[in-house]
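> Sequence isn't available, so here's the structure alone:
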Ligand SMILES: C[S@@+](CC[C@H](N)C(=O)[O-])C[C@H]1O[C@@H](n2cnc3c(N)ncnc32)[C@H](O)[C@@H]1O
């Protein structure tokens, strides 16, 4: 279920070679004016949280992630920021002793894919259907009523390869499955394979996602994010 151990040591160089625009992601987050505390689910190596902590130095921030080697990179990166606390947790068993006014995931546990003018669909790092319900159930307990959940938007996945900033070759391959798709990630230095990782994703139509999320108190808010980076849900 969404384990990133194989990729952890290479994650930062792949992502900061243009895979995600972290400054723009944080522009969207701060536009929601979080005041009390923010939770990132699937914070990985902490690239978003570092940018957020720099911009909002008084804001208490929590990051959780399943994969220990990802989190240990985040721990080093975020050590200078006393406002940030990190915890190794699976969202399906999330247990923190506070509620948050804003929770978000960008490429973390759940995200939406929007392909042109087609309807969004939900992509989950959690392959098991029941475990997705457990994840939303546990998350709901950690967001204050009236609070906001933002789930990132990505473009459609496709097979490609590209040379990243250190000259290595990143490639990905997508295989459709009955429950969604499997994504294979590779990193090569010349002909030498340095990393491969496979993640099985479950997908949900927009109607299925909204129905599941509503069961746990997440109501879709059709307000468009200025950067079109997140879909918004209100905890009701
Ligand atoms: C593509 S990374 C995104 C990291 C970070 N949000 C970023 O933008 O760089 C996905 C992360 O989600 C985490 N993840 C996947 N399934 C999870 C789960 N069930 N509970 C907690 N974290 C999970 C993985 O360990 C991984 O670090």
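Sure thing, it's come through. In this text the structure is predicted, and so the values were computed from the model without any measurement. Numbering: from 1, shown residues only.
> Can you report phi and psi for the residue lying farthest from the centre of the chain?
In terms of distance from the mean C-alpha position of the chain, residue 191 ranks first, at 30.9 Å (CA atoms, centre = their mean). Backbone geometry at residue 191, expressed as degrees, to the nearest 10, gives phi -90, psi 0.
> That one and the ligand: what is the separation?
26 Å (CB to the nearest ligand atom, to the nearest Å). Glycine gets a C-beta too; all of them are placed from N, C-alpha and C.
> Read off the pLDDT value for that residue.
In the prediction, the pLDDT value recorded for residue 191 is 90.
> Over to residue 1?
65.
> Is the helix or strand of the chain with the lowest mean pLDDT positioned near the ligand?
Using mean pLDDT, DSSP states H and E, the weakest-scoring helix or strand in the chain turns out to be helix 8-14, at a mean of 90. No - residues of helix 8-14 are not located near the ligand by CB under 6 Å from any ligand atom, the shortest gap being 7.1 Å.
> what does this structure put close to the ligand?
Selection of the chain residues close to the ligand by CB under 6 Å from any ligand atom yields 1-2, 4, 15, 20, 42-44, 47-48, 64-67, 70, 90-92, 106-109, 125-126.
> Give me the buried subset of the residues you listed.
Neighbour counting with 16 or more other CB atoms under 10 Å marks 1-2, 4, 15, 20, 42-44, 47-48, 64-67, 70, 90-92, 106-109, 125-126 as buried within the residues of the chain next to the ligand.
> Counting only helices, which of those residues make the cut?
Cross-referencing these against helices under DSSP state H gives 47-48, 70.
> Please name the strands paired to the longest strand seen in the chain in the sheet, noting orientation.
Using DSSP state E, we find that the single longest strand of the chain is strand 192-205. Paired strands of strand 192-205, with direction, are strand 121-124 (antiparallel), strand 180-189 (antiparallel) (DSSP bridges).
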